[in-house]
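> no sequence for this one, just the structure:
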């Protein structure tokens, strides 16, 4: 069974058949129930409702410190464990936690302990002469808590999924009456779990290395003693997947099931329920493959971040069938993500009996979720392995988004494509990433397929084009890494592509016709303001795999033009070099360069101008604040220094009336933060500087040379250079030209 969250107390290697099975005969005769107990009925609420506002930390801490040797009777022990708690639920909790803390298998118990004492009973349990269920009932009844011993069968360690033989599956557990309802507890499974158990019956065929298909080794595994919260007050509708009582009333569900139904239920493990998963495919532990193929579908929660994986095993005890060939990779299971579902599509390589195990975990934690037996009586002649079986499966998922890729065109991992026709798969990028895509096909080198897949990144859009050269099945691997990262590429998304020849047709249904009409209408009416509408229309056409009759190509060209135009407009309007540079580069290498020539020229001129301003400001920005303070400390500066600083502040937008006396300039030089002199120089742009102002600044500076100013003050010399360069640049750009206007929309 799975483990709870408590720390491990004892690990014991065992060799017995089933350490999670209670003894079938016991020395002490304890009645299963008492006549005064309430009749069994389904509860009106769930475990989560009962435990919602409870915290058992103090109860647990106290119970684990109680020593059994300090008490001579069960009554004294139970009273000590429960006396401090008025609520029955806390009492039950204390008794179970104490029991889970006892090292029954590893402790050497006192040989002089009385048989009726706690130590005597624990010694009996070690020898297999008393069950956990019986002892727990004795503890509860000692403090007047109604507790029933339930006998039945349970899917324990030796249970083989899909089998109907119940030999060796007998077991016992309890029900306690708490808060007006009967609640199920399996003390043995709540106190003990087993890891590493193997029957030796199965051969792992996926995932495994080529040529290493060997039967698993038979091992009893190891017992881990720790509290497993799952089997404390387990909800009956969940408990019935694990245990079946001899008395159907103790199923505690409104509609009881038969033994046959219990044995046919899918083998859903503890973590399946704790993660609130839901099985969407056939609800059976024994699945029939149809001509070698079988699907298992699991639904997940919106915010679930489980990383799924699987194992496919072949029965080595099935004498009527041969195991798969060891000379080739199997690639038998395709894990496909779509919306909130994960599908596991199995292709059996040969006839026989298989076992599919599905795992899920967070941050490297691998938890067993599900198992089913798959019976394959016939394999289709046309069935072949999947081209690849990547660890992360197929389709966009949380990992994809975390890597910076948001799927736009294809939300499912399976994509229908057509031979010699390009399928576009698009993403929106949320990070600066490098992307590498590869195409694969079974028994075909990926290098030979490299020419059939291409990609490009434009602004924050990634487009991957795939053109299958032949009919059949392909897989597309998308790998990426952040720009500047020293780490290698990571697989973040994959697609399973199939030409699906049988479903091709020459006519379009109503939905496809509407999509094509919408695509054509959006292509003609779209502008930079609503380019997203055209992108959505293209994605819809791709999802429906519409044939390109020239309209899809035209729509792509129109969208590319608008996106590049918008990028250039953004850079020009925001006067930002970091935006202009990539926009200009993308536009110049595109097929639309001739349509954007005027816009590119305007963007390049502005970029060059902004870089010039940045170069002019470099020496000023390299100055230390102490240099400005030296200028500020002049009580009566020379006219040379006064005029240089006056010209500087004129360019920075100060009104001339505020620059007539030195004290006003000193006030401006004392400003800090966004009003500081250096900050204003760093953010300076000529957008608001006209030719008249530039001429006035040059007139103020005309009587002086840079040598004269620098010899009087090195700092003033730096400002002289900056002001003169800026004023000259403005005059040069605007002489004979109209004042630059905002970007025109074309």
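It's in. All figures in this text were calculated on a predicted structure; none of them were measured in a lab.
> Only C-alpha atoms from now on, for both contacts and neighbour counts.
OK.
> Can you give me the buried ones in stretch 347-359?
347-359 (16 or more other C-alpha atoms under 10 Å).
> Go through those and flag which are in helices.
Under the assignment DSSP state H, the buried residues of stretch 347-359 contribute nothing to helices.
> Relative to residue 429, which of these is nearest.
Proximity to residue 429 was ranked across the buried residues of stretch 347-359 by C-alpha to C-alpha; first place goes to residue 359, at 30.0 Å.
> Model confidence at the nearest residue to that closest one once chain neighbours are set aside, what's the number?
Spatially, and ignoring its direct neighbours in sequence, residue 359 is nearest to residue 368 (4.5 Å; C-alpha to C-alpha, 6 or more residues apart in numbering). Listed pLDDT for residue 368 reads 92.
> Would you agree residue 159 is in contact with residue 170?
No: at 10.9 Å, residue 159 does not count as touching residue 170 under the criterion of C-alpha atoms under 8 Å.
> In a strand, residue 150, correct?
Yes: under the criterion used here (DSSP: H, G, I helix; E, B strand; the rest coil), residue 150 sits inside a strand.
> now stretch 185-196: mean pLDDT?
The predicted model gives stretch 185-196 an average pLDDT of 91.
> Output the contacting helices and strands for the helix of greatest length in the chain.
When the chain is scanned for its longest helix (criterion: DSSP H), the result is helix 597-622. Identification of packing neighbours for helix 597-622 by 3 or more C-alpha pairs under 8 Å, 6 or more residues apart in numbering; DSSP states H and E yields helix 551-574, helix 577-588, helix 677-682, helix 714-734.
> quick one on the thing from earlier: which ones among the buried residues of stretch 347-359 map onto strands?
The strands in this structure, assigned by DSSP state E, contain 347, 352-359 from the buried residues of stretch 347-359.
> Tabulate those residues in JSON lines, adding columns for pLDDT and distance to residue 383.
Conversion of these to JSON lines gives the following (pLDDT from 0 to 100; distance: C-alpha to C-alpha, whole Å):
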{"residue": "347", "pLDDT": "92", "distance to residue 383": "7"}
{"residue": "352", "pLDDT": "89", "distance to residue 383": "15"}
{"residue": "353", "pLDDT": "92", "distance to residue 383": "17"}
{"residue": "354", "pLDDT": "93", "distance to residue 383": "17"}
{"residue": "355", "pLDDT": "93", "distance to residue 383": "19"}
{"residue": "356", "pLDDT": "95", "distance to residue 383": "19"}
{"residue": "357", "pLDDT": "95", "distance to residue 383": "22"}
{"residue": "358", "pLDDT": "95", "distance to residue 383": "23"}
{"residue": "359", "pLDDT": "93", "distance to residue 383": "26"}
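> Can you name the two of the residues you listed that sit furthest apart?
Pairwise distances among these were taken by C-alpha to C-alpha; the largest, 22.9 Å, belongs to 352 and 359.
> Is residue 630 located within a helix, as I assumed?
Yes: secondary structure of residue 630 (three-state DSSP): part of a helix.
> Tell me how many other residues crowd it.
13 (other C-alpha atoms under 10 Å).
> Who is the closest residue to residue 488 other than its chain neighbours paired with across the strands?
Closest residue in space to residue 488, ignoring its immediate chain neighbours: residue 481 at 6.8 Å, by C-alpha to C-alpha, 6+ apart. Per DSSP bridges, residues listed as beta-bridge partners of residue 481: residue 434.
> what about residue 481, distance to residue 461?
From residue 481 across to residue 461, the span is 16 Å (C-alpha to C-alpha, to the nearest Å).
> When these two are compared, which one has more neighbours?
Neighbour count, other C-alpha under 10 Å: between residue 481 and residue 461, residue 481 has more, with 21 against 16.
> Look up how far residue 92 lies from the more buried one.
Residue 481 sits at a distance of 53 Å from residue 92 (criterion: C-alpha to C-alpha).
> and what of residue 413?
48 Å.
> again, but for residue 49
The spacing between residue 49 and residue 92, counted by C-alpha to C-alpha, is 17 Å.
> Which residue of those two possesses the greater neighbour count?
For residue 49 against residue 92, the residue with the higher neighbour count under other C-alpha under 10 Å is residue 92, and the figures read 25 against 9.
> list the buried ones in the longest helix of the chain?
Judged by neighbour count (16+ other C-alpha under 10 Å), helix 597-622 contains these buried residues: 599-600, 603-604, 606-607, 609-610, 613-614, 616-617, 620-621.
> quick one: average pLDDT of it?
In this model, helix 597-622 has a mean pLDDT of 83.
> just stretch 78-87 next, same as before
Mean predicted confidence for stretch 78-87 is 94.
> and that stretch, how far from the chain's centre?
Distance of stretch 78-87 from its chain centroid, counting by C-alpha atoms, centre = their mean, to the nearest Å, is 44 Å.
> Quick check: buried residues in that stretch?
Neighbour-count burial for stretch 78-87, with 16+ other C-alpha under 10 Å as criterion, is recorded at 78-79, 81-82.
> So what touches that stretch?
Contact partners of stretch 78-87, identified using C-alpha atoms under 8 Å, 6 or more residues apart in numbering, comprise 62-63, 66, 90-91, 94-95, 139-140, 142-143.
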